[in-house]
Each structure stands twice: as structure tokens, then as C-alpha cells.
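Asks: here's my sequence, what's the structure:
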Amino acid sequence: MKYFLRWLIRALFNLIARVEVTGYEHLPKEGSFVIATNHLGIVDAPMAFYALDRWDMFVLVAEKWEKVALFRWLSKYFNLIFIDRYNPDVKTLRKVIKLMEEENILVIAPEGTRSRTGALIEAKPGVSYLAAKLNRPILPVALTGTEDKALLANLKRLKRTRMTVTAGPAFTLPPLPKENRDEALKQYTDEIMCRIAALLPEKYRGVYAEHPRLRELLEKKERTQYVEKKFSHT
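Replies: Numbers count the residues shown, from 1 in each chain. Below you'll find the predicted structure:
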């Protein structure tokens, strides 16, 4: 059944969208890692299984979807983990930690919910806490074109939607300090979101558009591109 469902996901995406995936070279070569992505629409979760043909991925999903019978059924085949976004969910966190110790891949959306504007909204610190706790590389991934409204509008016109999946270089967060934890969590959360924002077109950067850390990352990206372009012509 799971092989058929994976095939069905790819077939459906190819039917309704033109998906461009870039950044495969940034995938860690071995061991478990965390994929952190922005959240635009309901197709974001299955997009992970379209972009990566892996069976060891687990996707954190809002607890509200556990009430939907279809999602409970799909969770058996697509490794969905339902998590309480608003209250401490120790049981789920322990499960996630165990899965990571078994060298699985975790997919998370730091914003915790779909952006209604299409641009980045403020992320929740719980994800950065989890990422720091796991002590695993974090792979930032930026999605565009997966907004629900745009997708539905194009479906009504029988038009395929252009979607992009862009991965950037993996990075790690230092262990959480014993003091000033809230300040450190805010810094870690901003680091994750700015890494994602640096991969997005300007209109998608939202509340992080003017963040100093994002400016640093964009300037570094420009310098790198300049050097690469210069050497390519020598």
C-alpha cells in the first residue's frame, strides 16, 4: 500500500503542478537530520515525499488533523506525527527523540501553521528547542507556489501550478545555555527562519524581511555568487 501511495503522490503532483526541486547537493550524506521549511499550504507535507524518495522521514503535523479519519489513516503510511502546538507535548517529543536516535529524518515547519499571507510569519520557539535538543544538522528548505488559494484557483482553470522546493546548506545550532534560555531560543528561531528566508524570493520573506541576520546571509550569498561567476569566466 505505501508504495502505491508514494506513486500516487508523485502522479498527482505531476498532474496539478510543475515542481522544480533544487539543492540536493546540500543533503547530509549520512546520519539523521532535520528539515526545516516554511508552511504555505496543505500540500506542503506530501511535498516532502515527492521531493525525497525516502522511507525514513517523519513529518510533524498539527494535532487538529488527528481528528480527521483520513489523516489518521495516512499517518500509518506517511509517518505523520501529531503534536500539540500550544501545550507541552512530552510524549511526542520523546517519540521524536527516539526516532532521531534511530537515524530518521524529521520534517518540521517552525511557523507551526500555514501562512495566510503567503509570506513568512513569526515562528514558534518550540521547534528551535527541539532542533537544539536533537543536536542534528538542520537543512533549510524554502517552498513557493504551494499556497492553497493559488492552487485551487489554478485547478479551477485546469492550469498547472508552478511550485519550487529549494534546499540550502545544512547548519547546526549550539547546545542551549543554562542561563538566558528564552533569549537563546529566540536567536535560534530567528537563525532557522532567516536561513529559510534567504532561499525565498523577496515577497515571501514576510516578518523576517528586514532582519539583520537575513541581510548578513544575503550579502554572503551575493559575495559567493560573485566569486563563483568570476572564476567561471577565468
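
Asks: show me where this protein has helices.
Replies: Secondary structure of the chain (DSSP state H): helices at 2-16, 44-51, 69-78, 90-101, 125-134, 148-156, 181-197, 212-232.

Asks: these: which one's closest to Gly168?
Replies: For Gly168, the closest of the helices of the chain is helix 181-197, at 6.1 Å, according to Cβ to Cβ. All C-beta spots, glycine's among them, are computed from the backbone N, C-alpha and C.

Asks: who's the spatially most central residue of the chain bridged to?
Replies: Nearest residue to the geometric centre of the chain (Cα atoms, centre = their mean): Thr37, 1.8 Å. Per DSSP bridges, the residues bridged to Thr37 are Val141.

Asks: residues contacting it?
Replies: Listed by Cβ atoms under 8 Å, 6 or more residues apart in numbering, the contact set of Thr37 reads 44, 48, 107-109, 140-143, 196.

Asks: so for Asp84, which of the helices of the chain sits nearest?
Replies: Closest to Asp84 of these, according to Cβ to Cβ: helix 90-101, at 7.2 Å.

Asks: and that closest one, what's buried?
Replies: Neighbour-count burial for helix 90-101, counted by 16 or more other Cβ atoms under 10 Å, picks out 92-93, 96, 99-100.

Asks: helices or strands up against it?
Replies: strand 57-62, strand 80-83, strand 105-108, helix 125-134 (3 or more Cβ pairs under 8 Å, 6 or more residues apart in numbering; DSSP states H and E).

Asks: please redo it, this time with the cut-off set to 7 Å
Replies: strand 80-83, helix 125-134 (3 or more Cβ pairs under 7 Å, 6 or more residues apart in numbering; DSSP states H and E).

Asks: okay if I get the ones you listed as TSV plus distance to Pro28, mean neighbour count and mean pLDDT?
Replies: What follows is these, written out as TSV (distance: least, Cβ to Cβ, whole Å; neighbours: other Cβ atoms under 10 Å; pLDDT from 0 to 100):
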stretch	distance to Pro28	mean neighbour count	mean pLDDT
strand 80-83	21	19	84
helix 125-134	13	21	82
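
Asks: tell me which of those lies nearest to Lys220.
Replies: Proximity to Lys220 (Cβ to Cβ) singles out helix 125-134 among those, at 21.1 Å.

Asks: other SSEs contacting the closest one?
Replies: If you count contacts as 3+ Cβ pairs under 7 Å, 6+ apart, helix 125-134 packs onto helix 90-101, helix 181-197.

Asks: quick one: contacts of the last one?
Replies: The one in question is helix 181-197. Applying Cβ atoms under 7 Å, 6 or more residues apart in numbering, the external contacts of helix 181-197 come out as 36-38, 110, 120, 123, 125, 128-129, 131-132, 138, 140, 142, 168, 171, 173, 176-177, 205, 208, 211, 213-214, 217.
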